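J.: Using only what follows, build the 3D model:
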Amino acid sequence: MSLDEIRKKVIFHNSIDVWIAACTEKNVAWNNPEIYKEFISYLLNNNLNLKTFSLCAHEAGATEQEKTKFADLLAESKDPNAATYTIKLNDASMNIIRKFDFKN
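T.: Residues are numbered from 1 along each chain as shown. Okay, the predicted model is just below:
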């Protein structure tokens with residue numbers, strides 16, 4: 001699902017779903033926790049107003065097993081960039097997200 005598609009559902013999303021949608025748009029793999037941490041660092045450095053969010057990965061949805069494994073890997077880290085955040089998907093945040101250097 002793309003960023004535009006998830007934005008239509010609700011305004012606020014968890015950062016893992018945003019990450020997966022953004023990677024899907026860029027046609028890159030989303031299951032690398034190190035690149036996810038770089039993504040969160042990038043968002044914080046670009047002054048996005050992120051709030052920490054407790055995600056139950058077992059309620060994840062479509063790619064449930066992979067997403068659960070990914071969330072579990074992140075949860076093991078003490079790095080604040082491994083946390084899950086809420087992100088308001090407005091025009092400004094969407095532009096910042098899409099400018100991230102998605103590495104694969």
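J.: Which secondary structure element is home to residue 13?
T.: Residue 13 belongs to strand 12-14 when assigned by DSSP states H and E.
J.: distance of the residue located most distally from the centre of the chain from residue 84?
T.: No residue in the chain sits farther from the centre than residue 78, which is 17.4 Å out by C-alpha atoms, centre = their mean. Residue 78 is 14 Å from residue 84, where distance means C-beta to C-beta, to the nearest Å. Bear in mind the C-beta positions are built from the backbone N, C-alpha and C, glycine included.
J.: what does residue 67 give?
T.: According to C-beta to C-beta, residue 67 stands 11 Å off from residue 84.
J.: Report the set of residues contacting both of the two.
T.: Both residue 67 and residue 84 are in contact with residue 16, where contact means C-beta atoms under 8 Å, 6 or more residues apart in numbering.
J.: Can you pull out the low-pLDDT segments for this protein?
T.: Where the chain drops to pLDDT under 70, the residues are 55-63, 104.
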